[in-house]
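S.K.: No letters, just coordinates:
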């Protein structure tokens, strides 16, 4: 029983060491290529934020304009805000997935 626990503990330790080694290797490759830095990470997060904020603001402004020119019992502002938010989130999700795919393809090539 004790040997089994020790064996599982050793396997877990080996897996952890392997994962840490793989992450360190990716970081070193990125540094050698000069790909990513703290500033580029902040730029990416800002870009994702703007890719959500801009369509949301456009939808809201368009909704306010429609509500002011064509009054109805439905709030176009709210509907277009939600549509803009959904479009922005979809845009950001696709952008992140594309970047992730490119990153993993780069790892497979090397």
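M.R.: Thanks, I have it. Owing to the predicted nature of the structure, the values given are computational and were not obtained by experimental measurement.
S.K.: Centre-most residue in this protein?
M.R.: When the chain is reduced to its mean C-alpha position, the nearest residue by C-alpha atoms, centre = their mean turns out to be residue 96, at 4.5 Å.
S.K.: so that residue sits right up against residue 47, yeah?
M.R.: No: using C-beta atoms under 8 Å, residue 96 is not in contact with residue 47; the gap is 10.1 Å. (C-beta placed from N, C-alpha, C; glycine too.)
S.K.: shared neighbours of those two, which are they?
M.R.: Shared between the contact lists of residue 96 and residue 47 (criterion: C-beta atoms under 8 Å, 6 or more residues apart in numbering) there are no residues.
S.K.: Isn't residue 60 up against residue 75?
M.R.: No: Residue 60 is beyond contact range of residue 75, at 11.0 Å (criterion: C-beta under 8 Å).
S.K.: These two: which is more packed in?
M.R.: Neighbours per residue, other C-beta atoms under 10 Å: of residue 60 and residue 75, the larger number sits with residue 60, 18 against 13.
S.K.: May I see the buried residues of stretch 88-99?
M.R.: Of the residues in stretch 88-99, those scored as buried under the neighbour-count criterion (16 or more other C-beta atoms under 10 Å) are 88, 92.
S.K.: Next: stretch 50-60.
M.R.: With burial defined by 16+ other C-beta under 10 Å, the residues of stretch 50-60 counted as buried are 51, 52, 55, 56, 58, 59, 60.
S.K.: I'd like the domain boundaries of the protein, if you could list them.
M.R.: Taking automatic domain parsing as the domain assignment, the ranges for the chain are 1-35, 36-110.
S.K.: other SSEs contacting the longest helix seen in the chain?
M.R.: Taking DSSP state H as the criterion, the chain has its longest helix at helix 76-109. In this structure, helix 76-109 packs against helix 38-69, with contacts taken as 3 or more C-beta pairs under 8 Å, 6 or more residues apart in numbering; DSSP states H and E.
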